[in-house]
Each structure stands twice: as C-alpha cells, then as structure tokens.
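S.K.: kindly generate the corresponding structure for this input.
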Amino acid sequence: MPRLCHDNGRSGTIGIRAFELEGKILQSLFSSTLSRLVLLGIGIGCSLLILTGWTNKEPTHAKQVLPMADVLIDAGHGGIDSGTHWNNVLEKDINLEISRKLYLLLRSHGLKVILNRTGDYALSDDNRWHITRSRHRKDLSQRRGLSDEIGASVFVSIHVNWSPKGGKRGPLVIHQSEGRSAILAGFIQTSLNQQQGKYRLPQEAKQFYLLNRVQVPSVIVETAFLNDPGDRSMLTSIPGQNRLAAAIADGIMSYRYFCP
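M.R.: You can find the predicted model right below:
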C-alpha cells in the first residue's frame, strides 16, 4: 500500500545539542536562536555537539550535523512530572526503563534509534524557544520539536495507563487519524496482545497534543495499567519490562517490513 507508507519529510529550524557514545544518540532541543554549533571529536564513535550563544538568525548549519533516525522513542514524563503513580512507584521511571530496553532491542536489529530522555529530567528544562508559562506545554512542544528537527521515520511514545475505577488491565496503543500511524499501532497492539494474552484494538484519539502535532507516523503506547496488581507486577519487574520492550520492538519491526 504505497500511499499509506509514503513519508513526506519535514524539516525544522530548532537547534539541537547531541551526545553520541558508542552509537547511542541522546538528543534534546536547546534553542531556536543558536549562534554557534561547535562539533568536537572525542574518540572513535563518540562526538559532542556543543551549542553556545544566541542570535535572532536561524541556525543555517544545524541540519548538517543532525543524525537521522528510523525510530524516535519518546520516554514519557520525567523530572518534576512523574506521570501517574502507585505509592512510590512512578510512571516516569517505568517509562524510562522500558524505553531504554526498547532502544537496545531496536539497535540490535540494525535500526537508527534516538531516545529523547535518558535520565530523570524534564524536557521542558531544555525548551528555550517556546514562550509560555506552562511547563507542561513546554515539555510537549519540546518533544514535538525534536521529532520535527530529526525527521525520524516513526515516533513511539511510551507510557503507563491508569483507571480510576479499577478493573482494567492490558495494553492500549493510541494513534493518529492517518494511515501509517494506524498500521503502526495495529502491529504494536497485536504484539502486546499476544504477549499479555489480551484482545484489544488500537484506538484513534484526537485530544493528544503530540498525536496532533508530530508530522510523522506516531503512536502512544500505554503498556499496562499501574493500578492493576498483575499489570503492576509486570511493569515493575525487569523480566516484565523486557517482555514489554520485546513486544513493542516486534511490532515496530513488523511495521517496517510492511512499510519499508
């Protein structure tokens, strides 16, 4: 289905700082008005991109040093934003652990992958270009801006679900109202269903900022419900996180086979 799998690229003008070590690329947006980009080589497979100074001119050379990616993994929440929680178990920590494992699995398949958060910090702290008092909006626009600038083929946001009424468990993949996004969601949902012994369909949603603004096929993966005892046991154990990451990776690889 070429029409669904056709990707119209989109470039941005937001500057980026990057650290690459042994093939691991860490990215975060810094400012839309950077004056100098200094690239320092510090060993084989390792480079540091330092951004200094500000000007009103657009960074004309930024795109020459930005890595390209097959997959941008969005580790949900971070820093002051813990996401949902169960006692002292925080969503942001679970998201990061699953995202790290997913990163390594996709790399092992030969994909170029970017993980947008590698520690417990808020991406809003790096956002110097969006003039708003809302920390939450700055965080989301930072994630969207990075996706625009990198131009990854797909955007996969990792989250943990919660139900105030209880009784719900299992995975849910949310997608854009766009063909490739729906296909990606279908493959990931099927893989997670098989891993967790569930039968659920992915859902289209229009109320999410990232799904509305990110220009490439994008999905939000709600891996399981933190308030369900069985799901929580899976989410907080290393074997459970490994299984979740493997299922998501399998779904992404199936999508890439269908939409190369």
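
S.K.: where exactly do the helices run in this structure?
M.R.: Remark: helices assigned in the chain by DSSP state H are 2-5, 91-108, 135-150, 179-196, 209-213, 229-236, 238-258.

S.K.: make a markdown table out of those and add mean pLDDT.
M.R.: Below are the helices of the chain laid out as a markdown table (pLDDT from 0 to 100):
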| stretch | mean pLDDT |
| --- | --- |
| helix 2-5 | 40 |
| helix 91-108 | 97 |
| helix 135-150 | 65 |
| helix 179-196 | 97 |
| helix 209-213 | 80 |
| helix 229-236 | 98 |
| helix 238-258 | 98 |
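
S.K.: residue 219 is nearest to which of the ones you listed?
M.R.: Closest to residue 219 of the helices of the chain is helix 179-196 (C-beta to C-beta; 4.7 Å). Yep, even glycine has a C-beta here, placed from its N, CA and C like the rest.

S.K.: for that closest one, packing partners?
M.R.: helix 2-5, strand 154-161, strand 172-175, strand 218-225, helix 238-258 (3 or more C-beta pairs under 8 Å, 6 or more residues apart in numbering; DSSP states H and E).

S.K.: quick one on the thing from earlier: okay if I get the helices of the chain as JSON lines plus mean neighbour count and distance to residue 76?
M.R.: As requested, those are arranged in JSON lines below (neighbours: other C-beta atoms under 10 Å; distance: least, C-beta to C-beta, whole Å):
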{"stretch": "helix 2-5", "mean neighbour count": "10", "distance to residue 76": "26"}
{"stretch": "helix 91-108", "mean neighbour count": "21", "distance to residue 76": "4"}
{"stretch": "helix 135-150", "mean neighbour count": "21", "distance to residue 76": "9"}
{"stretch": "helix 179-196", "mean neighbour count": "22", "distance to residue 76": "15"}
{"stretch": "helix 209-213", "mean neighbour count": "17", "distance to residue 76": "10"}
{"stretch": "helix 229-236", "mean neighbour count": "17", "distance to residue 76": "13"}
{"stretch": "helix 238-258", "mean neighbour count": "19", "distance to residue 76": "13"}
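
S.K.: residue 199: neighbour count?
M.R.: Residue 199: 10 surrounding residues under other C-beta atoms under 10 Å.
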